[in-house]
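K.L.:
fold the following.
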Amino acid sequence: MSVTLDIRLKRANKVYHEGEAVTGVIVLVCKEPLQHHGISLSMEGLVNLQLSSKSVGVFEAFYNSVKPIQLISSNIEVAKAGKIPGGKTEIPFEFPLQTKGNKVLYETYHGVFVNIQYTLRCDMKRSLLAKDLSRNCEFIVHCQPQKAKVAPTPVNFTITPDTLQNIRERSALPKFLIRGHLDATNCVISQPLTGELVVENSDVPIKSIELQLVRVETCGCAEGYARDATEIQNIQIAEGDICHGLSIPIYMVFPRLFTCPTLETTNFKVEFEVNIVIVLHDDHLITENFPLKLCRV
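P.N.:
Predicted coordinates for the structure are as follows:
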């Protein structure tokens with residue numbers, strides 16, 4: 001006999017803040033009346049930390065101690081053992097989103113080495129011959145917005161052969177001058193990163209100019225820290241040998257779930273940077289890096 005189990009949240013965007021109630025319905029659909037041994041609903045919030053393969057050998061002791069950090073865990077009985085009538089049955093539920101003790105709810109974030117996730121799980125126990133049913137549903141937690149206003153801190157930059165670091169033969173570099181500014185490096189996560197860039201001159205034709213958003217994830221404990229940078233997104237803002245002296249707008253939206261307000265705890269850190277990457281015609285890369293501080297207001 002076919003039966004389907006589903007969890008539907010009241011909010012379409014599935015976004016909740018600490019102290020609010022997560023509300024919704026458990027939907028059961030079956031053609032005939034169904035016997036069960038109880039329906040339960042659990043809520044869990046976990047931080048999963050993972051080491052990159054290059055760090056495993058270095059931090060053998062640390063590798064064994066990277067356990068998930070539990071932020072929230074609670075369980076409620078939705079229905080006692082009994083019978084569900086045929087057709088569609090909706091059972092409403094309400095879960096307070098509150099931590100125990102002095103724990104903090106971090107914002108939902110899907111990274112490579114740090115993953116912060118909140119899930120609801122519904123379990124329906126059935127007789128030995130019938131298979132137990134379970135269903136998972138992820139919801140999103142946003143941290144409480146800051147009360148204070150964020151003062152934008154504009155950053156002006158000039159890129160020339162002399163400003164570049166990690167160069168072996170500076171004399172072999174072609175001459176170029178690129179100016180520009182970012183409107184702010186203290187960024188509100190719900191607003192785009194903006195600015196502009198101007199190629200004043202370049203001896204070598206330019207192939208492409210790109211904006212690269214990078215997450216820097218640090219996992220650590222007493223044994224040591226593993227710090228890894230990975231690309232989140234890459235946006236091309238200019239293609240080909242663009243006109244010199246022309247102002248090119250910089251505009252990047254922070255992607256949902258893959259970014260969160262800059263986070264620093266005793267066990268892990270999540271930070272963000274943006275790279276302005278200029279690709280020359282001979283495929284030489286010129287990169288200028290800017291650390292960003294993200295917050296929610």
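K.L.:
do a quick rundown of the strands in the stretch 101-250 of the chain.
P.N.:
With strands called from DSSP state E, counting those that start in this stretch, the stretch 101-250 of the chain shows them at 109-110, 114-124, 133-141, 155-159, 176-182, 186-188, 193-202, 206-221, 224-239, 247-252.
K.L.:
elements contacting the second one?
P.N.:
So the one you mean is strand 114-124. For strand 114-124, the packing partners by 3 or more C-beta pairs under 8 Å, 6 or more residues apart in numbering; DSSP states H and E come out as strand 3-9, strand 21-30, strand 39-49, strand 69-79, strand 109-110, strand 133-141. Using the backbone N, CA and C atoms, a C-beta is placed for each residue, glycine as well.
K.L.:
over to the first one?
P.N.:
Packed against strand 109-110, as judged by 3+ C-beta pairs under 8 Å, 6+ apart, are the following elements: strand 114-124.
K.L.:
direction included, what does the strand it packs on pair up with?
P.N.:
Within its sheet, and counting by DSSP bridges, strand 114-124 is paired with strand 39-49 (antiparallel), strand 109-110 (antiparallel), strand 133-141 (antiparallel).
K.L.:
how about Asn186, what does it touch?
P.N.:
Remark: with contacts taken as C-beta atoms under 8 Å, 6 or more residues apart in numbering, Asn186 is in contact with Val150, Ala151, Pro152, Thr153, Leu292, Lys293, Cys295.
K.L.:
endpoints of stretch 152-163, how far apart?
P.N.:
Across stretch 152-163, the straight-line distance between its terminal residues is 25 Å, by C-alpha to C-alpha, to the nearest Å.
K.L.:
can you list the residues that contact it?
P.N.:
For stretch 152-163, contacts defined as C-beta under 8 Å, 6+ apart pick out 167, 170, 173-186, 276, 278, 286, 288, 290.
K.L.:
among the residues you listed, which ones are buried?
P.N.:
Under a neighbour-count criterion of 16 or more other C-beta atoms under 10 Å, the subset of the contacts of stretch 152-163 counted as buried comprises 173, 176, 178, 180-185, 276, 278, 286, 288.
K.L.:
got the domain boundaries for the protein?
P.N.:
Structurally, the chain divides into domains by the TED database as follows: 3-142, 153-295.
K.L.:
can you put those in JSON lines and add mean pLDDT?
P.N.:
Converted to JSON lines, these look like this (pLDDT from 0 to 100):
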{"stretch": "domain 3-142", "mean pLDDT": "88"}
{"stretch": "domain 153-295", "mean pLDDT": "90"}
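K.L.:
what residues are bridge-paired with Glu273?
P.N.:
Applying DSSP bridges to Glu273 yields these beta-bridge partners: Val214, Pro291.
K.L.:
could you do Ala79 as well?
P.N.:
Beta-bridge pairing for Ala79 (DSSP bridges): Ile39.
K.L.:
report the contact partners of it.
P.N.:
Contact partners of Ala79, counting by C-beta under 8 Å, 6+ apart, are His36, Gly38, Ile39, Ile91.
K.L.:
verify the contact between the third one and Ile7 for me.
P.N.:
Yep, that's Ile39 we're talking about. No: if you go by C-beta atoms under 8 Å, Ile39 and Ile7 don't touch, sitting 11.3 Å apart.
K.L.:
which neighbours do these two have in common?
P.N.:
By C-beta under 8 Å, 6+ apart, the residues touching both Ile39 and Ile7 are Ile26, Cys122.
K.L.:
of the two, who's got more company?
P.N.:
The residue with the greater number of neighbours, taking Ile39 and Ile7 and applying other C-beta atoms under 10 Å, is Ile39; the counts read 23 against 19.
K.L.:
tell me the spacing between the more buried one and Leu128.
P.N.:
Separation of Ile39 from Leu128 (C-beta to C-beta, to the nearest Å) stands at 17 Å.
K.L.:
same question for Asp241.
P.N.:
Counting by C-beta to C-beta, the separation of Asp241 from Leu128 is 72 Å.
K.L.:
tell me which of the two has more neighbours.
P.N.:
Comparing Asp241 with Leu128 by neighbour count (other C-beta under 10 Å), the higher total belongs to Asp241, at 15 against 6.
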